[in-house]
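*Asks:* Have a look; sequence and predicted model below, questions after that.
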Amino acid sequence: AAAATRIAEVLREQLAGILCCDPWDIDTTAAFNVLGVDSMVGAEFIAVVNRSFGLRERSVLLYEHPNLAAMAAYIATRSGAAAQAVQEAQVAQAAHTAHTARTAQDFAPAPRTPEPAYRPAAGVVTALAAVSTVPAVSAVPAVAGPGPAARPLPAGDLDVLLDAIRDDRLTVDEALVLLGRRG
């Protein structure tokens, strides 16, 4: 029982490393799916367990032994020298943690800086105000159909509006409001 408890602590630390949480946040009697272990995380966890304890288990082990305590008891019975396995696992875990820390430091992303506040260009605001106040010139006769008849925008104003949307100076919703003001 003492060996299973020590193995459970090693398993808890290994799983916490994969889940990026504190080991003490993990309840050893909680089901793996409750802890957030899905198929991908489970496969990674079983690979770490196999490497640490010298086993050759498959991911189905998570379903046969649905929590850390049950898995630790199983590992204790599988390995004849449970105490030696725990020591080897702890050494392997420490080496893996050191390697992971070095790798993470080498590939750490640059710190993010906040993006500047959005300020529309003055020319766009003036052009968009003109779009909302210019009377429409109908070059095409109105056709009766379902819904209200819409008047087309002059070609230059529509281009200004679309350019403002493409350049992220205006959202589609803002453009719809401006178009709605035309009537």
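*Replies:* Perfect, thanks for sending it.

*Asks:* With just CA atoms, put the helix or strand where residue 6 lies into CSV.
*Replies:* Using DSSP states H and E, residue 6 sits in helix 2-19. C-alpha atoms of helix 2-19 as CSV (Å, rounded to 0.1, in the frame of the first residue of the first chain):
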residue,chain,number,x,y,z
ALA,A,2,2.9,2.4,0.7
ALA,A,3,4.4,1.7,-2.7
ALA,A,4,1.1,2.4,-4.4
THR,A,5,0.8,5.7,-2.5
ARG,A,6,4.3,6.7,-3.6
ILE,A,7,3.6,5.6,-7.2
ALA,A,8,0.3,7.6,-7.0
GLU,A,9,2.3,10.7,-6.1
VAL,A,10,4.7,10.2,-9.0
LEU,A,11,1.7,9.7,-11.3
ARG,A,12,0.1,12.9,-9.9
GLU,A,13,3.2,14.9,-10.7
GLN,A,14,3.5,13.5,-14.2
LEU,A,15,-0.2,14.2,-15.0
ALA,A,16,0.1,17.7,-13.5
GLY,A,17,3.0,18.4,-15.8
ILE,A,18,1.0,17.3,-18.8
LEU,A,19,-2.1,19.2,-17.7
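
*Asks:* average pLDDT across it?
*Replies:* Averaged over helix 2-19, pLDDT sits at 93.

*Asks:* now do stretch 25-36
*Replies:* Rounded mean pLDDT across stretch 25-36 is 94.

*Asks:* do the same with stretch 62-82
*Replies:* Taken as a whole, stretch 62-82 carries a mean pLDDT of 87.

*Asks:* and it, which residues are buried?
*Replies:* Neighbour counts over stretch 62-82 (16 or more other Cβ atoms under 10 Å) mark 62, 65-76, 79, 82 as buried. For glycine as for every other residue, the C-beta is placed from the backbone atoms N, C-alpha and C.

*Asks:* re the thing from before, packing partners for the helix holding residue 6?
*Replies:* With contacts taken as 3 or more Cβ pairs under 8 Å, 6 or more residues apart in numbering; DSSP states H and E, helix 2-19 sits against helix 39-53, helix 68-78, helix 82-106.

*Asks:* Export the second one to PDB, keeping only CA atoms.
*Replies:* Looking back up the chat, that one is helix 68-78. What follows is helix 68-78, C-alpha atoms only, in PDB (Å, rounded to 0.1, in the frame of the first residue of the first chain):
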ATOM      1  CA  LEU A  68      -4.700   7.600 -10.400                       C
ATOM      2  CA  ALA A  69      -5.100   5.500  -7.200                       C
ATOM      3  CA  ALA A  70      -6.300   2.500  -9.200                       C
ATOM      4  CA  MET A  71      -3.500   2.900 -11.800                       C
ATOM      5  CA  ALA A  72      -0.900   3.200  -9.000                       C
ATOM      6  CA  ALA A  73      -2.100   0.000  -7.400                       C
ATOM      7  CA  TYR A  74      -1.900  -1.700 -10.800                       C
ATOM      8  CA  ILE A  75       1.600  -0.400 -11.400                       C
ATOM      9  CA  ALA A  76       2.700  -1.500  -7.900                       C
ATOM     10  CA  THR A  77       1.500  -5.100  -8.600                       C
ATOM     11  CA  ARG A  78       3.000  -5.100 -12.100                       C
END
